[in-house]
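J.: Requesting a structural model of the entry that follows:
(2 chains)
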There are 2 protein chains.
Amino acid sequence: MSAENQIKIAVDVMGGDHAPAIPVEAAAEASLKTNANFLLVGDEQKIKNILDSHRHDPKKIEVLHTFEYIGDDEYPRNIIRQKKDASMNIATDICGRGEAHAVISAGNTGAYILSSIKHIPRLETVNKVAIASLFPTKKFLTGAKKHYSLILDVGANNQCNEEDLLRFAIMGKSYFNILTGEENPKIYLLNVGDEAHKGGKILVNAYQKLSDCKTLNFLGNIEGNKIFNGVADVIVCDGFAGNIFLKNTEGIIESLMDLGKFAARRNFFWKIGLYLLNSGIQKIKPLLDYSEYGGAPLLGFQKIVIKAHGRSNKKAFYNALQMALESYRKNLCGKISEEL
Amino acid sequence: MSAENQIKIAVDVMGGDHAPAIPVEAAAEASLKTNANFLLVGDEQKIKNILDSHRHDPKKIEVLHTFEYIGDDEYPRNIIRQKKDASMNIATDICGRGEAHAVISAGNTGAYILSSIKHIPRLETVNKVAIASLFPTKKFLTGAKKHYSLILDVGANNQCNEEDLLRFAIMGKSYFNILTGEENPKIYLLNVGDEAHKGGKILVNAYQKLSDCKTLNFLGNIEGNKIFNGVADVIVCDGFAGNIFLKNTEGIIESLMDLGKFAARRNFFWKIGLYLLNSGIQKIKPLLDYSEYGGAPLLGFQKIVIKAHGRSNKKAFYNALQMALESYRKNLCGKISEEL
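T.: Residues are numbered from 1 along each chain as shown, chains lettered A, B, ... in the order given. Here you go, the predicted model:
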C-alpha cells in the first residue's frame, strides 16, 4: 500500500454557504476518483442522507458526528472557546493529533485560522501563518500556461513584521513550486513604490531581509498597478493589504459584469456586440472563476490546512480537496520546513 | 474688486511628465477663462517661449524664475533640503507665506508632500495631511449625477492612528460637500470585514471614534468588494491601503483595455463585437479617465494644495486649476477648520 493510499483528509462539512451538501458531495466524488480517504465531520444524519443519494466509495469515507458547528457570522475569538465540540474544532484537532494528514473547511475564515492555530502545530520559527491565494494575470494573453500569480498573506494577519514577511516569501516559494514546478519563482514585495526606501520601516526592513536571503529570487517592490502584468510569481504582503487587493479585484470584476448586463438591456447594438464577444468572454471566464483554483492553503503549519471559499460550489470544493491531496503528495510542509 | 478677482494660484510648472509645456498651457487657458491670477514658477525662458505661442491674459500671469527643479525619481527626503530653490519649494513657500492662495504641482508626490509640510502651516489639530482621490462607482448605471466616491488617504502616510483617521473623515466630508453640495455625506472605514471588531487595534479604535463623532454620518466598515457599489460617499483609510486600492484599480482597467485590443486582433467576430460596443465604451471612458477629476487635494493645510497627476494632459491640469479655484471660492480650508 503506497503512502498515497493512506492519506486521510479531515473535512469540516458544516462550513460554507451550501453546507453540508457541497462538502459531502465533493468528498463522495473524490472517494471515487482519488486514492484519498475522507473523514467527514458534522451532523451524521444529514451526511448520511446526502451520501445515500450520491455515488461514493464507502470504504474511503468515515463519518464523525458532532452536535455543534460554527456559524459564518459568529465572532471567532469567543466561539473557538465556547464551541469546543464544533465540527471545525474537531476536524482541526484530529489533524493536529496526526489522525489526518490534511484538514479542509469552507466555514468562518477567522474561526478556522484560530482553530487551526489552537490545534495544529506550526513549523519551527513560524510565528504567523498566512493564507495564500492565486489570481490570474495578463500573461494568459501570451498563451502562457503559467499565467497565475500567488499572493500572501490575504487575511490571516492584519499586521506583520519583516520576519513574518520573509517567512511568507519562503512559504510562497515552496507552494508556487508545487503548483507549477518552477524552481526559482520571482518574488516581489507589495509596496507603494519601486524604491527600496518606500513603505515605512517594516517594509524597508523586509526589502533588506528579502534581498539578503540568497535562496530567494527576490526582485524588489511591486506596485498595485503592475500586479496584473504577471511579472511576479509570488507577491508578499501583510494580510490587510492582501485582503484589500483581493476583494477590490473581486468588486471591480463584479461591477464590470453588471455593466455588461446593463449594456445588453439598454441598446440593441450593444446587445449584439456582447453576443459576438461571447465566445471571448467564455474564454476568460475561467480566469475569473475562483472555483478553478480550489481554495487557498493556510501556510506555516506542520499539516496541510486548506480553506475553501465560503461560496464554493461542488467543483470548487472538489478542487480544494485535490489541492490538499497534491500538497500532501508533494510534501509541501516538508519543503517549507527545509527552506525555513 | 471681488475676493475672487484676487485669488492667486502658485503653479510649479517644472513637475510632471510633460513639464513645463502642460502646466503653462493650462494656466494660459485658465487666464482667459477664469478670474484667477497665476504665478508660474520655473524656468523663465522656457515659460515665456510657451506663452508666446499660446493665447493668454498677460495681466493675470506672472513668472518667477528658478534655476532648479525636482525630478520625479529623486529621493524626497534629501532633495527638499538640498534643492531649497527648486520650483516646487519656491511655489509652496510663496503659498505658505500668504502670497498665493493655492499651490499646484504635477511633480514628485513624495517631495510635494514634504515641501508643503515644510512651508505651509497645517490646520489646528492636524497631525497628518491626506491626499484625497475621487473614483467612479457603479451608481452611474442608475443615471445618478453624483456617482463618484472620495477615498483618503491614498498615499501621504503609510500608517495612521485613530485620531488621524477621524480627521481624514472630517476633511473628506468637507471636501465632498464642496464637490457635490451633499451636506451629510455617508462615511465608511475601509476594512477587511463589516464588523466593528475587525482590522486590528487602530481600526477598532477608529471605528469607535467615528461612531462617537455626532457631526459625522458614519455608517461602518466597508470591504474592498463593496467599494464600487457606490454606497459610500467618503471612504477613510491609511495611505498604504488607499494607494494599493487606487493603483490596483488602475492596473485592472489597463489590463482589460489590453485584453480588448488583443481580442480585436485575434478574431473577426470579436472585432465586430467591440465595434458595436464602441459607443458604450466611449460612454464609460470618461468615468475611467483621471483627467476628468482634475487632480487630488492635499487636505489638512491652511491653504489649498493640489496635486495634479504626473501624467496630466492639458485638460487634466486645467481641471486641477479649476479645482483649486472652486475650493478657494467655497472656502474649503475654513470649512474643515470649523469642523475639526
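J.: Give me the residues contacting stretch A:250-261.
T.: Applying CB atoms under 8 Å, 6 or more residues apart in numbering or on different chains, the contact partners of stretch A:250-261 are A:274, A:281, A:288, B:137-138, B:141, B:224-229, B:249, B:252-253, B:256, B:284. Placement of C-beta: from N, CA and C, glycine included.
J.: Any quick ChimeraX command for the buried ones out of the residues you listed?
T.: Here is the ChimeraX selection string for the buried members of the contacts of stretch A:250-261, based on 16 or more other CB atoms under 10 Å in any protein chain shown:
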select /A:274,281,288 /B:137,138,141,224,225,226,227,228,229,249,252,253,256
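J.: which residues touch the residue most central in space within chain A?
T.: With distances taken as CA atoms, centre = their mean, A:Ala296 lies nearest the centre of chain A, 0.4 Å away. Applying CB under 8 Å, 6+ apart to A:Ala296 gives the contacts A:Ile131, A:Ala132, A:Ser133, A:Leu134, A:Val154, A:Ile306, A:Lys307, A:His309.
J.: try it again with 6 Å
T.: Each residue near A:Ala296 by CB atoms under 6 Å, 6 or more residues apart in numbering or on different chains is listed here: A:Ile131, A:Ala132, A:Ser133, A:Lys307.
J.: for A:Ala263, same thing?
T.: When contacts are counted by CB under 6 Å, 6+ apart, A:Ala263 is found next to A:Trp270, B:Gly280.
J.: any idea how far it is from B:Ala36?
T.: 40 Å (CB to CB, to the nearest Å).
J.: same deal with A:Gln82?
T.: In this view, A:Gln82 and B:Ala36 are 64 Å apart by CB to CB.
J.: And for A:Lys315?
T.: Taken as CB to CB, the span from A:Lys315 to B:Ala36 is 60 Å.
J.: Which of the two has more residues huddled nearby?
T.: Neighbours were tallied for A:Lys315 and for B:Ala36 using other CB atoms under 10 Å in any protein chain shown; the higher tally belongs to B:Ala36 (23 against 15).
J.: Tell me the residues of the stretch 201-340 of chain A that contact chain B?
T.: Within the stretch 201-340 of chain A, the positions lying close to chain B (CB under 6 Å from any CB of the partner chain) are A:223-225, A:227-228, A:241, A:243-245, A:247-248, A:250-252, A:255, A:262-263, A:269-270, A:272-273, A:276-277, A:280.
J.: What subset of those residues is buried?
T.: When those are checked against 16+ other CB under 10 Å, the ones flagged as buried are A:223-225, A:227-228, A:241, A:243-245, A:247-248, A:250-252, A:255, A:262-263, A:270, A:273, A:276-277, A:280.
J.: In three-state terms, label A:Ala19 for me.
T.: State at A:Ala19, reduced to three classes by DSSP: H, G, I helix; E, B strand; the rest coil: coil.
J.: count of neighbours near it?
T.: Neighbours of A:Ala19 (other CB under 10 Å): 24.
J.: if I pick the closest residue to it other than its chain neighbours, what's in contact with it?
T.: Spatial nearest neighbour of A:Ala19, excluding adjacent residues (CB to CB, 6 or more residues apart in numbering or on different chains): A:Val13 at 6.1 Å. When contacts are counted by CB under 6 Å, 6+ apart, A:Val13 touches A:Pro20, A:Pro23, A:Val24, A:Leu40, A:Gly42.
J.: So which of those residues is the closest to A:Gly200?
T.: When the contacts of A:Val13 are ranked by distance to A:Gly200 (CB to CB), A:Pro23 comes first, at 41.1 Å.
J.: so how far is chain B from the closest one?
T.: Distance, A:Pro23 to chain B, using CB to the nearest CB, to the nearest Å: 23 Å.
J.: what's the answer for A:Lys198, then?
T.: Taking CB to the nearest CB, one finds A:Lys198 at 8 Å from chain B.
J.: Report the contact partners of that residue.
T.: Residues counted as contacts of A:Lys198 (CB under 6 Å, 6+ apart) are A:Asn191, A:Val192.
J.: domains of chain A?
T.: A:3-126+A:300-339, A:130-245+A:285-290 (automatic domain parsing).
J.: before we move on, back to that, point out the least confident one among the contacts of A:Ala296.
T.: Ranked by pLDDT, the contacts of A:Ala296 bottom out at A:Ser133 (92).
J.: thinking it is in contact with A:Asp153, fair?
T.: No. Counting by CB atoms under 6 Å, A:Ser133 stays clear of A:Asp153, with 9.1 Å between them.
J.: Now, the contacts of A:Ala296 that are in strands?
T.: Of these, the ones assigned to strands by DSSP state E are A:Ile131, A:Ala132, A:Ser133, A:Lys307.
J.: list the contacts for the last one?
T.: The one in question is A:Lys307. By CB under 6 Å, 6+ apart, the residues touching A:Lys307 are A:Tyr112, A:Gly295, A:Ala296.
J.: Near A:Gly193, how many other residues are there?
T.: Using other CB under 10 Å, A:Gly193 has 16 other residues around it.
J.: Wait, a strand at it?
T.: No. Counting by three-state DSSP, A:Gly193 is not found in a strand; it is coil.
J.: could you say what helices and strands the helix or strand A:Asn319 falls within packs with?
T.: A:Asn319 belongs to helix A:314-329 when assigned by DSSP states H and E. In terms of contacts (3 or more CB pairs under 6 Å, 6 or more residues apart in numbering or on different chains; DSSP states H and E), helix A:314-329 is packed against helix A:21-33, strand A:102-105, strand A:304-307.
J.: re earlier: keep only those of the contacts of A:Lys307 that are in strands.
T.: Among the contacts of A:Lys307, DSSP E puts A:Ala296 in strands.
J.: Lowest-confidence entry in the contacts of A:Lys307?
T.: A:Gly295 (85).
J.: Run through the bridge partners of the spatially closest residue to A:Cys237 that is not a sequence neighbour.
T.: Once flanking residues are discounted, A:Cys237 sits nearest to A:Leu190: 3.7 Å by CB to CB, 6+ apart. Beta-bridge pairing for A:Leu190 (DSSP bridges): A:Ile222.
J.: Name the next helix or strand following the helix or strand bottoming out on mean pLDDT in chain A along the chain.
T.: Scoring the helices and strands of chain A by mean pLDDT, DSSP states H and E places helix A:3-6 at the bottom, with a mean of 57. Counting by DSSP H and E, the next helix or strand C-terminal to helix A:3-6 is strand A:8-12.
J.: What is that next one packed up against?
T.: Using 3+ CB pairs under 6 Å, 6+ apart: strand A:8-12 touches strand A:37-42, helix A:87-96, strand A:102-105.
J.: Output it as CSV, restricted to C-alpha atoms.
T.: Output in CSV follows, covering the C-alpha atoms of strand A:8-12 (Å, rounded to 0.1, in the frame of the first residue of the first chain):
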residue,chain,number,x,y,z
LYS,A,8,-6.7,10.9,5.2
ILE,A,9,-8.3,14.3,4.8
ALA,A,10,-10.5,15.6,7.7
VAL,A,11,-13.4,17.6,6.2
ASP,A,12,-15.5,20.1,8.2
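J.: Who does it pair with, and is each partner parallel or antiparallel?
T.: According to DSSP bridges, strand A:8-12 forms sheet pairs with strand A:37-42 (parallel), strand A:102-105 (parallel).
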